[in-house]
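Enquirer: Okay, sequence plus prediction incoming.
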Amino acid sequence: MSINIALSNTSVKNRFAKIAALAVLSSAVALTTGCATKRATSEVVVAPLGIPSGQSGYTGAVIIDNSDAIISDADNLQAVVYFDFDSSEITSPSADVLSQHASLLSSNPAASVLVAGHTDERGSREYNIALGERRAQSVSNYLAAQGVAANNISVISYGEERPVAAGTTKEAYAQNRRAELSY
């Protein structure tokens, strides 16, 4: 009888040790993986050449090298087009703005433009980078359809990383859903 009690105590101890080991292991996994959180962005943005005063923008990693005359002509154009929520479709007001850019670029075959796509903060970082890419590519496709040489158009996506308007209002979100053209 004492042998049975000793065996059952050993069996209970083994089970408890296994449960404790699993608890420690699952806690370690939970602590090392963490939770997904949004980063707070308090970045100051600086407008690049080619964005008219009063409009926000900034330089990116791609450098566009145009003559002063082209940059001066581009300063007279609106450099930002806006998109609806979760959309990369060119709206009618955006088409009007882009047609002016297409005219400038077509009449200056050596001119280049950088199209930067942006989103508001809603959605995952990966989704927003892809959406910003689709927006910039939509602008690029529109310009190319208007006769602009595709090799004169560079595309980049910043997703949600570089907002121009802080906050979570409809107005702030609308300002951040954009594509910027820089010369």
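Expert: Done, it's in. The structure presented is a predicted model; accordingly, all values stated were derived computationally and were not measured.

Enquirer: contacts and neighbour counts: CA atoms only from here.
Expert: OK.

Enquirer: what about Ala145, how many residues close to it?
Expert: Ala145 has 12 neighbours, counted by other C-alpha atoms under 10 Å.

Enquirer: which phi and psi does it have?
Expert: Here is the backbone geometry of Ala145 (degrees, to the nearest 10): phi -70, psi -20.

Enquirer: From Asn152, how far off is it?
Expert: According to C-alpha to C-alpha, to the nearest Å, Ala145 and Asn152 sit 13 Å apart.

Enquirer: try Ser140
Expert: The gap separating Ser140 from Asn152 is 10 Å, by C-alpha to C-alpha.

Enquirer: go on, Arg122?
Expert: Taking C-alpha to C-alpha, one finds Arg122 at 31 Å from Asn152.

Enquirer: ok, those two, which is more surrounded?
Expert: Taking other C-alpha under 10 Å, Arg122 and Asn152 do not tie; Asn152 has more neighbours (16 against 13).

Enquirer: which stretches of the protein have low pLDDT?
Expert: Applying pLDDT under 70 to the chain flags the ranges 1-62.

Enquirer: Going along the chain, name the helices of it.
Expert: According to DSSP state H, the chain carries its helices in the segments 2-33, 68-75, 92-107, 125-145, 170-176.

Enquirer: Wait, Ile153 touches Leu114, no?
Expert: Yes. Assessed by C-alpha atoms under 8 Å, Ile153 is found in contact with Leu114 at 6.0 Å.

Enquirer: got any residues that touch both of Ala145 and Asn152?
Expert: Common contacts of Ala145 and Asn152 (C-alpha atoms under 8 Å, 6 or more residues apart in numbering): none found.

Enquirer: what about the nearest residue to Glu121 once chain neighbours are set aside, how many neighbours?
Expert: Leaving aside its sequence neighbours, Glu121 sits nearest to Glu160 (C-alpha to C-alpha, 6 or more residues apart in numbering; 5.1 Å). Residues lying near Glu160 (other C-alpha under 10 Å) number 25.

Enquirer: Unless I'm misreading it, Glu160 sits right up against Ala116, doesn't it?
Expert: No. Counting by C-alpha under 8 Å, Glu160 does not reach Ala116; the two are 11.6 Å apart.

Enquirer: Now do the contacts for Leu105.
Expert: Here Leu105 is in contact with Ala111, Ser112, Val148 (criterion: C-alpha under 8 Å, 6+ apart).

Enquirer: Recalculate using a threshold of 10 Å.
Expert: Counting by C-alpha atoms under 10 Å, 6 or more residues apart in numbering, Leu105 touches 70, 74, 99, 111-113, 143, 146-149, 152-153.

Enquirer: Leaving out the residues flanking it, which one is nearest to Gly167?
Expert: Closest to Gly167 by C-alpha to C-alpha, 6+ apart is Tyr173, at 7.8 Å.

Enquirer: Can you give me the neighbour number for Tyr127?
Expert: By the criterion of other C-alpha under 10 Å, Tyr127 has 14 neighbours.
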